[in-house]
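**Q** using only what follows, build the 3D model:
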Amino acid sequence: MAGVAYGTAFPMISVAIGGFTPLSIAFWRAVIGTASLGGWLLATRSFSARPSPGSWLRLGVVALAGAGVFWPVQNYAVKLSTPVNAAFLVSIYPALIAVAAPAILRERARGRSLVGLALALSGAYLVLSNGRFLSFFSADGAAGDGLALVAALSFGSYVILGQLWRDKMGVTPEELSFFTFALSLPVLGVVAVTQGPLAVAPSLASVSALVWLGLVTSTAAFLALNAGIRRGAVARGSVHLLVIPLVSALVSWGFFRETMSPIQWLGGALVRAGIAASSR
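**A** Model (predicted):
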């Protein structure tokens, strides 16, 4: 569920950039996420966290990795690189998680998960590249490609640290998602205000895309992700997130009339096969 929700982010970012700056998009996502999830927690009386001083520090680090750094860097990567390069490089964080989790979280490495990871990653490349050779770090797109890698490392750290510190932070998956947005909001707000307007030329399409980014790819996706982290092995579960490029392509195909070639359908089948292999 988290992978499907995140998969809609890249097409929606490309629409939202028409009316908002990359930094303001990150800020508004945090505003919508904080308000929607905070309101839901209060309405259901599900907010009971009382973090200690040490827990606040860990929550702050996790929040910056998951939203405060990841969102603006991801948006700038989409703007400064080619959309395909940025989408692939950002989307490799599940592979980084799958490699790091056995060492850091003491999870048992499973051969089936590694096979599934290789299949899904190969499929993601085919979906995004359409069978073409992708040239990374060329003269024109080197900065964007570098930022895309930083974004991948940032979100990979969010998942790993969220699992590593979950008992020490003493929060539920819902509360962790809330703190991810709320603690990132001041940083994103200061940066967005000092670097430009919070809106450039908002249209109905760009505002709708921004609301989708806040409610679906922020609130709903983080809830699903953090709940999933608590219930399964991180290395195996991270392979499921490689469905993101496939969902991005399907959204572009369905809503923006972009065609999908046989190579991309083959890539989608490899992604599905990789997920199935790691889930057995």
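**Q** output the lowest mean pLDDT helix or strand found in the protein.
**A** helix 234-238 (a mean of 74; mean pLDDT, DSSP states H and E).
**Q** list the buried ones in that one?
**A** Neighbour-count burial for helix 234-238 flags 234, 235, 236, 237, 238 (criterion: 16 or more other C-beta atoms under 10 Å). Heads up, the C-betas are built off the backbone N, CA and C, glycines and all.
**Q** could you check how many residues crowd around residue 172?
**A** Per other C-beta atoms under 10 Å, the neighbour tally for residue 172 reads 18.
**Q** repeat for residue 178
**A** For residue 178, the count of nearby residues is 26 (other C-beta under 10 Å).
**Q** identify the spatial nearest neighbour of it, chain neighbours not counted.
**A** The spatial neighbour of residue 178 that comes closest, neighbours along the chain excluded (C-beta to C-beta, 6 or more residues apart in numbering), is residue 37 at 4.8 Å.
**Q** that neighbour is in contact with residue 219, isn't it?
**A** Yes: Residue 37 lies in contact with residue 219 (C-beta atoms under 8 Å); the separation is 5.0 Å.
**Q** between those two, what contacts are shared?
**A** Taking C-beta atoms under 8 Å, 6 or more residues apart in numbering as the criterion, residue 37 and residue 219 both touch 177, 181.
**Q** after the helix or strand hosting residue 128 comes which helix or strand?
**A** Taking DSSP states H and E as the criterion, residue 128 maps to helix 111-129. Moving toward the C-terminus from helix 111-129, the next helix or strand (DSSP H and E) is helix 142-164.
**Q** which helices and strands sit right next to the helix holding residue 128?
**A** The helices and strands touching helix 111-129, judged by 3 or more C-beta pairs under 8 Å, 6 or more residues apart in numbering; DSSP states H and E, are helix 83-90, helix 93-104, helix 234-238, helix 244-255, helix 262-279.
**Q** just how off-centre is that helix within its chain?
**A** For helix 111-129, the gap between its own C-alpha mean and the chain's C-alpha mean amounts to 18 Å (C-alpha atoms, centre = their mean, to the nearest Å).
**Q** tilt between it and helix 83-90?
**A** 160 degrees (axes from the mean of the first three to the mean of the last three C-alpha atoms, to 10 degrees).
**Q** tell me which residues are up against helix 111-129.
**A** Contacts to helix 111-129, defined as C-beta under 8 Å, 6+ apart, come from residues 84, 87-88, 91-92, 94-95, 98, 134, 235-236, 239, 242-246, 248-249, 263-264, 266-280.
**Q** of those residues, just the buried ones, ChimeraX syntax please.
**A** In ChimeraX syntax, the buried subset of these is picked out as below (16+ other C-beta under 10 Å):
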select :84,87,88,91,92,94,95,98,235,236,239,242,243,244,245,246,248,249,264,267,268,270,271,273,274,275,277,278
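**Q** burial measure for residue 103, as a count.
**A** Look at residue 103: counted by other C-beta under 10 Å, it has 11 neighbours.
**Q** what's the spacing between residue 162 and residue 231?
**A** For residue 162, the distance to residue 231 equals 13 Å [C-beta to C-beta, to the nearest Å].
**Q** more neighbours: those two, which one.
**A** The neighbour count for residue 162 versus residue 231, taken as other C-beta under 10 Å, is higher for residue 162 (25 against 9).
**Q** if I look at the more buried one, how far off is residue 93?
**A** Distance, residue 162 to residue 93, by C-beta to C-beta: 13 Å.
**Q** next one: residue 102
**A** Note on residue 102: its distance to residue 93, by C-beta to C-beta, is 16 Å.
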